[in-house]
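A.B. asks: Give the three-dimensional model of this entry:
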Amino acid sequence: MAHWRVFQRQIMFISLKSLRTINKSNFFSNERKYRQLVQEYKKSNRPVPDRKTYFCNGFEWGPEHADRAYQIANLSSDKREIALPFALNPIARHFETMARSMGGNNAIFAVDQRAPIFVTEDNWFGHTLITGNVGTGKTVLQRLLSISMLHLGHVIVVIDPKNDAEWRQSLMDEAAELGLPFYKFHPAQPSSSVCIDVCNTYTNVSDLTSRLLSLVSVPGEVNPFVQYAEALVSTVITGLSYTDKKPSIYLIHKNMKSHMAILNLTVKVLECCYARHYGPDVWVEKVKYVSNETLQIRFKRLVEWFSAHFLNYEGAEPIEWIDTASRLVDYSLSDPEHMSKMTAGIMPLFSRLTEQPLNELLSPSPNSLTSREIVTSDGMFSTGGVLYISLDGLSNPESARAISQLIMSDLTSSAGSRYNADDGDMSSHSRISIFVDEAHSAINNSMINLLAQGVQHKLHCLSARKLSPTLLQQQTPRRQTVLRVCVTTTLACG
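C.D. replies: Below you'll find the model as predicted:
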């Protein structure tokens with residue numbers, strides 16, 4: 001062993017420019033350009049560069065390193081067993097002072113000579129859980145990995161409840177250098193934030209309903225209040241679709257927050273459905289409908305016609321809107337006080353998600369006068385770039401948790417739609433890397449599905465959370481599932 005290295009300590013700096021060169025970002029960062037280059041290289045019989053990223057300078061741990069570390073651990077705290085030449089003592093003291101100022105033990109560098117360590121892209125596909133104590137570098141590691149994934153041409157999505165300025169700025173600068181779009185979502189800074197339509201992508205009504213109700217429901221628990229709310233939300237979403245309005249959190253809340261709101265939606269749905277069934281120029285005269293009457297009179301006339309002609313409809317051709325209209329009529333005729341009690345559990349959630357500025361940031365309208373850019377998961381997956389989501393996790397943890405879970409659900413739904421659209425052929429799609437700091441706040445059923453099936457969808461997740469001595473025992477079933485899915489690629493910091 002080179003005994004003098006026990007006292008050595010050095011700091012390594014790698015500029016982003018050097019990191020780009022090491023990672024060959026000019027070859028990989030643009031997915032479309034990369035595919036063209038691969039074809040050109042194959043035609044000219046040139047070797048295609050390996051898809052790998054720089055991780056650190058170090059050495060692969062083996063039995064010889066364990067033996068050397070054991071020898072160092074058996075030395076005295078001041079390493080008096082190692083006799084250095086007198087002239088080297090000042091140098092040893094210099095390194096000792098440097099080591100103490102930086103923290104840690106410099107003796108680990110005596111184990112072996114360090115060399116660049118690279119990680120191939122395939123090593124990250126199994127999802128990664130980064131654990132460590134406070135201040136041990138979990139976020140710094142995610143910062144390095146996110147930049148490296150950007151160099152490989154991945155679409156980067158960061159969910160950061162701590163709003164780490166250095167992480168955000170480094171990704172912003174790197175995206176600009178590579179010519180990729182950078183989007184920042186920050187509820188505490190609405191003037192510079194983009195809007196995210198978390199209800200943009202969904203397979204069916206039940207998918208969107210489950211996404212919203214998962215914020216208040218407990219898996220495996222039968223709760224009649226949640227079941228009532230789920231049926232109501234599902235009916236409102238379907239009703240909005242019949243009025244040619246795209247569902248959003250704001251519109252769903254607006255049309256179910258009171259008994260009068262439900263009644264108003266019922267009138268609009270019946271008007272649109274009658275116009276669709278009889279014709280827009282015929283139905284008013286046929287139903288003997290007066291559009292300038294009060295809401296109550298119009299509702300009464302529309303319901304009378306519905307009860308007489310559609311309530312017990314048994315025609316040969318099915319009419320798809322009858323069930324939805326019937327449920328809306330039932331809600332409108334129900335006791336307002338009873339409805340208020342049954343929906344009391346979900347209204348605070350919707351109120352939080354529709355207060356300023358979240359009503360615009362999470363439920364954007366294409367017709368609004370705001371200059372904010374509207375970002376969707378589908379659009380991000382197509383154009384590439386970085387979406388940095390800063391959540392106000394310290395001052396408003398409940399809203400931050402709800403937003404992170406909604407965004408995670410939307411990302412998962414978009415990934416599924418992308419996979420199904422091409423019948424499982426993902427060769428023409430970019431890989432998605434999702435970085436979740438403080439992962440416990442973003443865990444929901446969609447995240448678990450993402451972890452379980454994300455590899456086939458060219459999507460992987462890197463999550464960080466604080467270390468606990470009883471990590472599995474303290475967790476809910478959801479979190480235990482996440483830990484078991486990621487356990488094969490767990491990194492421990494600190």
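A.B. asks: In contact with the residue of the chain positioned farthest from its centre, which residues?
C.D. replies: Within the chain, F86 marks the point farthest from the mean C-alpha position, 57.9 Å out by Cα atoms, centre = their mean. Listed by Cβ atoms under 8 Å, 6 or more residues apart in numbering, the contact set of F86 is empty. For the C-beta atoms, the positions are set from N, CA and C on the backbone; glycine is no exception.
A.B. asks: Any figure for the gap between it and R211?
C.D. replies: F86 sits 71 Å away from R211, taking Cβ to Cβ, to the nearest Å as the criterion.
A.B. asks: Please apply the same query to N163.
C.D. replies: Taken as Cβ to Cβ, the span from N163 to R211 is 25 Å.
A.B. asks: repeat for T243
C.D. replies: From T243 to R211 the distance is 21 Å (Cβ to Cβ).
A.B. asks: Need the residue closest to the centroid of the protein.
C.D. replies: The chain, centroid-nearest residue using Cα atoms, centre = their mean: M408 at 3.5 Å.
A.B. asks: thought it was touching I196?
C.D. replies: No - the criterion here is Cβ atoms under 8 Å, and M408 misses it with I196 at 11.7 Å.
A.B. asks: ok now do the residue lying closest to N264 once chain neighbours are set aside, which residues does it touch?
C.D. replies: Counting by Cβ to Cβ, 6 or more residues apart in numbering, the nearest residue to N264 once its immediate chain neighbours are dropped is L295, at 6.4 Å. Shown in contact with L295 (Cβ under 8 Å, 6+ apart): M260, L263, N264, V267.
A.B. asks: of these, buried ones?
C.D. replies: When the contacts of L295 are checked for burial by 16 or more other Cβ atoms under 10 Å, the buried set is L263, N264, V267.
A.B. asks: Quick check: which element contains the first one?
C.D. replies: Mapping L263 onto the secondary structure by DSSP states H and E places it in helix 259-278.
A.B. asks: cool, and L387?
C.D. replies: Judged by DSSP H and E, L387 forms part of strand 386-390.
A.B. asks: so what strands line up beside that strand?
C.D. replies: strand 155-160 (parallel), strand 182-185 (parallel) (DSSP bridges).
A.B. asks: What's the mean pLDDT across the helix ranked longest in the chain?
C.D. replies: For the chain, the longest helix by residue count, based on DSSP state H, is helix 397-421. For helix 397-421, the mean pLDDT works out to 82.
A.B. asks: ditto for stretch 184-193
C.D. replies: 89.
A.B. asks: Please report how far H460 lies from P181.
C.D. replies: Between H460 and P181 the computed distance is 21 Å (Cβ to Cβ).
A.B. asks: neighbour-wise, which of these two wins?
C.D. replies: Just comparing H460 and P181: by other Cβ atoms under 10 Å the higher neighbour count belongs to H460, 22 against 15.
A.B. asks: about what we covered before: just the CA coordinates of the strand holding L387, formatted as CSV?
C.D. replies: In CSV, the C-alpha atoms belonging to strand 386-390 read as follows (Å, rounded to 0.1, in the frame of the first residue of the first chain):
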residue,chain,number,x,y,z
VAL,A,386,-36.8,19.6,-19.2
LEU,A,387,-39.9,20.1,-17.0
TYR,A,388,-38.8,21.4,-13.5
ILE,A,389,-41.7,21.3,-11.0
SER,A,390,-41.0,23.3,-7.9
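A.B. asks: Show me how the record splits this structure into domains.
C.D. replies: Domains of the chain are assigned by automatic domain parsing as 1-119, 205-358.
A.B. asks: start to end distance for stretch 23-37?
C.D. replies: 16 Å (Cα to Cα, to the nearest Å).
A.B. asks: buried sites along it?
C.D. replies: In stretch 23-37, counting by 16+ other Cβ under 10 Å, buried: N23, K24, S25, F27, F28, S29, N30, E31, Y34, L37.
A.B. asks: Tell me which residues are up against that stretch.
C.D. replies: Under the criterion Cβ under 8 Å, 6+ apart, residues 20, 49, 51, 53-54, 148, 150-153, 178-180, 384, 428, 430 lie in contact with stretch 23-37.
A.B. asks: Out of those, give me the two with the largest separation.
C.D. replies: Y54 and S428 (27.5 Å; Cβ to Cβ).
A.B. asks: Comparing those two, which residue is more hemmed in?
C.D. replies: Comparing Y54 with S428 by other Cβ under 10 Å, the one with more neighbours is Y54, at 18 against 9.
A.B. asks: For that one, give me its contacts.
C.D. replies: I14, L19, I22, N23, P116, I117, F118, S148.
A.B. asks: Check S15 too.
C.D. replies: Residues in contact with S15 (Cβ under 8 Å, 6+ apart): none are found.
A.B. asks: what secondary structure does I117 sit in?
C.D. replies: Recorded secondary structure, I117: strand (DSSP: H, G, I helix; E, B strand; the rest coil).
A.B. asks: I should have written T131 there, sorry.
C.D. replies: Following three-state DSSP, we place T131 in the strand state.
A.B. asks: That one contacts L462, doesn't it?
C.D. replies: No - in this structure, T131 is not within contact of L462 by Cβ under 8 Å, at 12.0 Å.
A.B. asks: And those two? Which one has more around it.
C.D. replies: Using other Cβ under 10 Å as the criterion, T131 and L462 rank with L462 on top: 24 against 21.
A.B. asks: Pull up the gap between the closest residue to that one other than its chain neighbours and D423, please.
C.D. replies: Once flanking residues are discounted, L462 sits nearest to T128: 4.5 Å by Cβ to Cβ, 6+ apart. According to Cβ to Cβ, T128 stands 29 Å off from D423.
A.B. asks: same question, P63
C.D. replies: In terms of Cβ to Cβ, P63 sits 48 Å off from D423.
A.B. asks: cool, and L178?
C.D. replies: Between L178 and D423 the computed distance is 31 Å (Cβ to Cβ).
A.B. asks: And V218, by the same measure?
C.D. replies: The spacing between V218 and D423, counted by Cβ to Cβ, is 36 Å.
A.B. asks: the more surrounded of the two?
C.D. replies: More neighbours surround V218 than the other of V218 and D423, with 11 against 6 (other Cβ under 10 Å).
A.B. asks: Report pLDDT for that one.
C.D. replies: 74.
A.B. asks: Over to the one 3 residues further on?
C.D. replies: Reading off the per-residue confidence, E221 sits at a pLDDT of 80.
A.B. asks: got it, and L232?
C.D. replies: 95.
A.B. asks: Can you say which of the contacts of Y54 are buried?
C.D. replies: Using 16+ other Cβ under 10 Å, the buried members of the contacts of Y54 are L19, I22, N23, S148.
A.B. asks: What is the three-state secondary structure of the second one?
C.D. replies: On the three-state scheme (three-state DSSP), I22 is labelled helix.
A.B. asks: mind listing what it touches?
C.D. replies: By Cβ under 8 Å, 6+ apart, the contact set of I22 is I14, Y54, P116.
A.B. asks: Contact partners for the first one?
C.D. replies: Shown in contact with I14 (Cβ under 8 Å, 6+ apart): I22, Y54.
A.B. asks: I appreciate the help and will end here.
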